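>>> what follows is a predicted protein model with its sequence.
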Amino acid sequence: GESVGLHLPTLSVQEGDNSIINCAYSNSASDYFIWYKQESGKGPQFIIDIRSNMDKRQGQRVTVLLNKTVKHLSLQIAATQPGDSAVYFCAEKGAAGNKLTFGGGTRVLVKP
Amino acid sequence: GAGVSQSPRYKVAKRGQDVALRCDPISGHVSLFWYQQALGQGPEFLTYFQNEAQLDKSGLPSDRFFAERPEGSVSTLKIQRTQQEDSAVYLCASSPVGNSNQPQHFGDGTRLSIL
């Protein structure tokens, strides 16, 4: 199949370790942020979201942190598994509209 | 339940031909979005529908691109007189309501190759 993200930054992590993926966003007026996971040949899959009135949100094995002061978003994956290997995108939504603006993506490779 | 469905999964066309890409959103979803994803990059917004109304088409790259959603469910993205730079994956997404902070759910896209 085709590869998503041939020239993306890559994070290599040992199976069982924690992963941290970082994202800088540009629009200080953005009020909603999402992390997506994209596997080769598939569409982006929703992982977790956070609204601008929060600074942390937890899901199953994932945590999103939002720092509005420096316009920074991060995704933490606990106990990374081989199935977590994929390209991860952050996306932001401006307060005035509905479209998502995506970041450049990070490829995560999990080593057994 | 059924997710967003897109067809065809792959489309090859010669430069200058017209193509039509179909999106079946999740049943009952009010909002529908089209994005274009070039190889190695994140998706880029093309256009947005709330029911049958096209509320934002600011991302359409030229007047060769046209989208419709006549009955507020299925949507078609049409590209006329295709050019090589149109080669990309075209993604459709839907969400339950308009004007709210809810995740958009994506289909697996149509990979368009223009020869």
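Good, I have the coordinates.
>>> switch to C-alpha atoms for all contacts and neighbour counts from now on
Will do.
>>> who are the neighbours in contact with the closest residue to B:Glu71 other than its chain neighbours?
Once flanking residues are discounted, B:Glu71 sits nearest to B:Glu52: 5.8 Å by C-alpha to C-alpha, 6 or more residues apart in numbering or on different chains. By C-alpha atoms under 8 Å, 6 or more residues apart in numbering or on different chains, the contact set of B:Glu52 is B:68-73.
>>> what about the nearest residue to B:Pro70 once chain neighbours are set aside, distance to chain A?
With sequence-adjacent residues excluded and distances taken as C-alpha to C-alpha, 6+ apart, B:Pro70 is closest to B:Glu52, at 5.4 Å. When C-alpha to the nearest C-alpha, to the nearest Å is applied, the distance between B:Glu52 and chain A equals 16 Å.
>>> on that earlier part again, which one (most neighbours) among the contacts of B:Glu52?
Neighbour counts for these, by other C-alpha atoms under 10 Å in any protein chain shown, peak at B:Ser73, which reaches 21 neighbours.
>>> look up how far chain B lies from the closest residue to A:Ala78 other than its chain neighbours.
Using C-alpha to C-alpha, 6+ apart and skipping the chain neighbours, the partner closest in space to A:Ala78 is A:Asn18 (4.6 Å). Between A:Asn18 and chain B the distance, using C-alpha to the nearest C-alpha, works out to 24 Å.
>>> ok, A:Ser30 next?
If you go by C-alpha to the nearest C-alpha, the gap between A:Ser30 and chain B works out to 11 Å.
>>> now for that residue: which residues touch it?
Contacts for A:Ser30 were tallied using C-alpha under 8 Å, 6+ apart; they are A:52, A:92-95.
>>> list the residues that contact the closest residue to it other than its chain neighbours.
Ranked by C-alpha to C-alpha, 6+ apart and with sequence neighbours excluded, the top spatial neighbour of A:Ser30 is A:Gly94, at 3.9 Å. By C-alpha under 8 Å, 6+ apart, the contact list for A:Gly94 reads A:27, A:29-32, A:100.
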